[in-house]
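Undergrad: dropping the sequence and predicted coords here.
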Amino acid sequence: MCKVQTRAVRFVAAMLVWALGASAHGEYFITALSDGMSDITTLPGNAFTLDIVVTSDAADTHLFSQFRVVFSEGRLEYVSYEWGAGYTTGGVDDLSDPFVSDLSTVIGAGSYAPTSDVDLYFSNLTDDGAVFGIGTIVSLQLYVPLAMYEQFPGISPIEISVVPELFLDGFDVIPATAGQAFRLYLVPGPSAFGLFVFAGVIRPRRRRTAGGGSYGVAAS
């Protein structure tokens, strides 16, 4: 109970600082990447790391952050997360939801998004005396369940976007802009083969023999 109360008090204090803040810094740019790439293709049954990366042309720093990571499609398994240097994962100031001790879970079970998308919520205060500048603010470990091999057609990607809500440096609010959505492409299962043929991605063609006849079908 004491831990919950302490987290709540620190969160309210941060909100008061936000309300009092009048000046602004430069601007943060926040986006999602995996191994530095804005899109990847993977097989169900694989895990991958999604980094939430912050950059700034004005060399801004902050003490408090609040943002959401929004998924256009649920069913991915959310294994764990780890905050970057300056923050403590799972500490009294970590208000992320789902909380690290509640993982792993399937994304979509409890969403904060006001739309049909599903999302994860992140909020934290840096450690005493610490600040965060630029770089990976939090890393997510995600797993693609084997069931998605049959269920997901694989033609359209799963899009993952970052929605910045609040970055504070003392009394100053730092404007933040979201970058382009990260795209996760899944190699389709057998049930999606017909969809690819229909879409013209796979076009059957006849193989001709030396005598001019034809046999078999190959994918091009």
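TA: It's in.
Undergrad: list the helices and strands the lengthiest strand in the chain packs on?
TA: In the chain, ranked by residue count with DSSP state E as the criterion, the top strand is strand 158-169. In this structure, strand 158-169 packs against helix 2-20, strand 28-33, strand 64-71, strand 176-178, strand 182-186, with contacts taken as 3 or more CB pairs under 8 Å, 6 or more residues apart in numbering; DSSP states H and E. Every residue, glycine included, has its C-beta placed from N, CA and C.
Undergrad: what is the orientation angle of it with strand 182-186?
TA: For strand 158-169 against strand 182-186, the angle by axes from the mean of the first three to the mean of the last three CA atoms, to 10 degrees is 150 degrees.
Undergrad: and strand 158-169, what's buried?
TA: The neighbour-count check on strand 158-169 (16 or more other CB atoms under 10 Å) flags 158, 159, 160, 161, 162, 163, 164, 166, 167, 168, 169 as buried.
Undergrad: ok, the closest residue to the third one other than its chain neighbours - contacts?
TA: Distances taken as CB to CB, 6 or more residues apart in numbering put residue 182 closest to residue 160, at 4.4 Å, once the chain neighbours are dropped. If you count contacts by CB atoms under 8 Å, 6 or more residues apart in numbering, residue 182 has them with 31, 32, 33, 34, 38, 39, 50, 159, 160, 161.
Undergrad: could you tell me the least trusted of the helices and strands packed on strand 158-169?
TA: For the helices and strands packed on strand 158-169, mean pLDDT drops lowest on helix 2-20, to a mean of 47.
Undergrad: give me the neighbour count for residue 43.
TA: 12 (other CB atoms under 10 Å).
Undergrad: pretty sure it contacts residue 188?
TA: No - using CB atoms under 8 Å, residue 43 is not in contact with residue 188; the gap is 10.0 Å.
Undergrad: name the residues contacting each of these two.
TA: When CB under 8 Å, 6+ apart defines a contact, the residues bordering residue 43 and residue 188 alike are residue 149.
Undergrad: OK, contacts around residue 122?
TA: Here residue 122 is in contact with 52, 65, 66, 67, 68, 69, 81, 96, 138 (criterion: CB under 8 Å, 6+ apart).
Undergrad: format the residues you listed as a markdown table; extra columns: neighbour count and distance to residue 148.
TA: As requested, the contacts of residue 122 are exported to a markdown table (neighbours: other CB atoms under 10 Å; distance: CB to CB, whole Å):
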| residue | neighbour count | distance to residue 148 |
| --- | --- | --- |
| 52 | 24 | 23 |
| 65 | 29 | 31 |
| 66 | 21 | 30 |
| 67 | 24 | 26 |
| 68 | 20 | 23 |
| 69 | 23 | 19 |
| 81 | 23 | 21 |
| 96 | 19 | 25 |
| 138 | 24 | 24 |
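Undergrad: ok, so of the residues you listed, who is nearest residue 129?
TA: Among the contacts of residue 122, residue 65 lies closest to residue 129 (CB to CB), at 16.7 Å.
Undergrad: I appreciate the help and will end here.
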